[in-house]
Structures are given as C-alpha cells and as structure tokens.
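>>> sequence first, then the predicted structure, then my questions.
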There are 2 protein chains.
Amino acid sequence: MIGRLNHVAIAVPDLTAAANQYRAALGAKVGAPQDEPDHGVTVVFIELPNTKIELLYPLGDDSPINGFLEKNPSGGIHHVCYEVDDIIAARDHLKETGARVLGSGDPKIGAHGKPVLFLHPKDFNGCLVELEQV
Amino acid sequence: MIGRLNHVAIAVPDLTAAANQYRAALGAKVGAPQDEPDHGVTVVFIELPNTKIELLYPLGDDSPINGFLEKNPSGGIHHVCYEVDDIIAARDHLKETGARVLGSGDPKIGAHGKPVLFLHPKDFNGCLVELEQV
C-alpha cells in the first residue's frame, strides 16, 4: 500500500541556522522558507536525490510544532510521510487494523496541496506517520 | 556533500509486531530479521521504492537501543542516514564547521558492510545523523 517515502520532517528551533547548516555543513540543496499558515508552520525543503527533508518551524501561537519544541528544545525528527495512491482506501484499511487517525479522520489538504492524514504515533512505534495521496 | 537518504531507523519495542504491521497494515515489502551482534541490534528492513526503513530492536544488554527504548517505551524515530562519497572528507569538513562526531571519530563498518559515522544529535537539531560511505 505505502509507496515512496515522500519526506522526513525535522522540527528545528532556529530555521535559518538549520537551513544554513544543511546548505554549508552538509552540502545539500536547500530551498527558501515557505510560510504555511493553514498548517501553522514555516517549512524549508532539503532536496536529496531520492526524497526530501522538511525542516519545520512554528508559525503562530497555535502551531502544532510548539508543543514538540517545548518537549524537545534542540529539535527532533517529527514525522515521516509515506505516499499512497488512494488515501481513503488506505485510511479505511488502517482503521480496520485498529490504527487511529488523528483529527476528524478526513483528509486535509497538506503543505504540498495534496490530501494528507496523520496516524497516531502510539499505534506506529512512537513514530508519527503522515500519509499523502500522490 | 550528502547524497541519498539511505534509510530512516525506527526503534521498536516489539520487532515481530512492528514487522507484521508494516507488512499487513501498511502493505510494505518487509525483510527477515537480521542479527547484527557488532552493533547490538536486530534489524528488519522495509523496502520502499526510493529508500528503506530500518526497524531496530535491541540485541544484548549493551545495545545502544536500550536507553532509547527506556526513554521512549512505545519506540520512536532513532536516526536518519545520509549517503556520502568520501566519509573521511565529509567528517573533516563537518568537524571544521563545529559538528561533533560520536565515538572515536573514526568510521566503523556499519550494518550494510560499509563505513559509517554518527554525528552528535545536539549539533543537528536533535536528530541523530548517520553518514554512510557508498
């Protein structure tokens, strides 16, 4: 069911410093910061040859990243995103196996303009899983 | 400098359950468990079209995963591994930028039979980074 690893998201306490580090120290291809007000984050994409790293920084007081950075002041790996062909079929299959879908259970339009869902980390080995329909 | 994302490693509290979940619930291609006594882990590789997920379970009392699972009993994303062409050049460049290399600072032979190094998570936004020479 799951296809490509679309991205790994890393929450960071200083977006400029993190972007500069990926560019200068790790020598990666780093994009410009993009505000995503609907998702409460500013993101910087690191383009690797086979996938992306998504640096996440809070945007606004209600950002879903605020709590994570309070618990992890240095930052940390926030989630992984797997691609699926049919997000409704994927959701329904996962719910049958007992997995919990976060929020309303209906897909939202994600940062890439495509339908996404998040699965409860306690049901996936402590790993927050995003599914994105591609 | 960094190339492909070689893998994302997820430490899990029950390797059989996690492998079954990736196979049955997420519909992924899941390999057989492999003991890696030199690294204190048993691993299961999940083969995605563009990269791998490495499920990690402790092997032995001195496993580097024991402490992580004590802090994160449900499991969690443990590290990301980036490929490099020349691990010594990468290490020396990173040290010049102030990044700390874990252990002796010299590459060891990793679970895939290739030289690897780990970088201090505090220097990389709370994210443990493995470099693997390919």
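Yep, that arrived. Numbers count the residues shown, from 1 in each chain, chains lettered A, B, ... in the order given.
>>> please identify the residue most distant from the middle of chain A.
Farthest-out residue of chain A from its mean C-alpha position, per Cα atoms, centre = their mean: A:E96, at 23.9 Å.
>>> tell me how far that one lies from chain B.
9 Å (Cβ to the nearest Cβ, to the nearest Å). Using the backbone N, CA and C atoms, a C-beta is placed for each residue, glycine as well.
>>> how about A:D38?
24 Å.
>>> wasn't that residue part of a helix?
No: looking at A:D38 with DSSP: H, G, I helix; E, B strand; the rest coil, it is coil, so not inside a helix.
>>> residues near it, how many?
Using other Cβ atoms under 10 Å in any protein chain shown, A:D38 has 11 neighbouring residues.
>>> how much space separates it from A:G113?
Remark: distance between A:D38 and A:G113 (Cβ to Cβ, to the nearest Å) = 11 Å.
>>> and if you look at A:A25?
From A:A25 over to A:G113 the distance is 31 Å, taken as Cβ to Cβ.
>>> those two: who's more crowded?
For A:A25 versus A:G113, neighbours defined as other Cβ under 10 Å are more numerous around A:A25 (21 against 7).
>>> ignoring the adjacent residues along the chain, who's closest to the more buried one?
B:T97 (4.1 Å; Cβ to Cβ, 6 or more residues apart in numbering or on different chains).
>>> and the one you found, what is it in contact with?
A:21, A:24-25 (Cβ atoms under 8 Å, 6 or more residues apart in numbering or on different chains).
>>> quick check, nearest of those residues to A:F118?
Ranked by distance to A:F118 (Cβ to Cβ), the contacts of B:T97 are led by A:Q21 at 27.0 Å.
>>> checking that closest one next. Helix, strand or coil?
helix.
>>> ditto for A:H93
helix.
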